[in-house]
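> Provide a 3D model corresponding to the input given below.
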Amino acid sequence: MVSCHRNLVHPNVRREYQGQTWHIGMFKGADANDRPAFRGTLGYDDFVAMPMPEKRKALSVICSASTRLPGHRKRRAFVEALQERLGDRVDVFGRGVRPIPDKADAILPYRYHIALEN
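Numbers count the residues shown, from 1 in each chain. The predicted structure follows:
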């Protein structure tokens with residue numbers, strides 16, 4: 001069990017950052033044998049050398065379509081309210097909505113991005 005939460009009681013808890021592979025600059029897809037594959041597409045030096053991307057669109061959100069837990073349902077309701085209010089000024093990406101292999105594609109071309117996490 002890996003967690004940064006101090007109040008979690010578990011006999012095998014390791015208190016540290018739970019770094020995951022769902023951040024910008026990571027490709028999440030399948031390899032040639034259709035097995036899950038993760039690889040870095042952008043590193044620190046790439047970001048430093050990268051010119052400012054052209055921000056052609058207003059707002060993006062990455063949020064899965066999951067509604068299994070109460071927090072998932074609240075998150076989806078928020079995104080749906082955004083879509084109703086902003087229409088085509090907001091683009092929504094995520095598993096079950098509009099999948100993307102690298103979050104850079106859903107962040108870099110946008111002036112603003114809303115991050116919704118579990």
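> Only C-alpha atoms from now on, for both contacts and neighbour counts.
Noted.
> wouldn't residue 91 be in contact with residue 63 here?
No. Contact status for residue 91 versus residue 63: not in contact, 10.6 Å apart, counting by Cα atoms under 8 Å.
> which one of those two has more residues nearby?
Neighbour totals were compared for residue 91 and residue 63, and residue 63 leads with 23 against 20 (other Cα atoms under 10 Å).
> Quick check: the gap between the nearest residue to the more buried one once chain neighbours are set aside and residue 12.
Spatially, and ignoring its direct neighbours in sequence, residue 63 is nearest to residue 94 (5.0 Å; Cα to Cα, 6 or more residues apart in numbering). Using Cα to Cα, to the nearest Å, one gets 32 Å for the distance from residue 94 to residue 12.
> higher neighbour count, these two?
Higher neighbour count among residue 94 and residue 12: residue 94, with 17 against 8, using other Cα under 10 Å.
> just so I have it, where are all the helices in this protein?
44-49, 70-86, 104-107 (DSSP state H).
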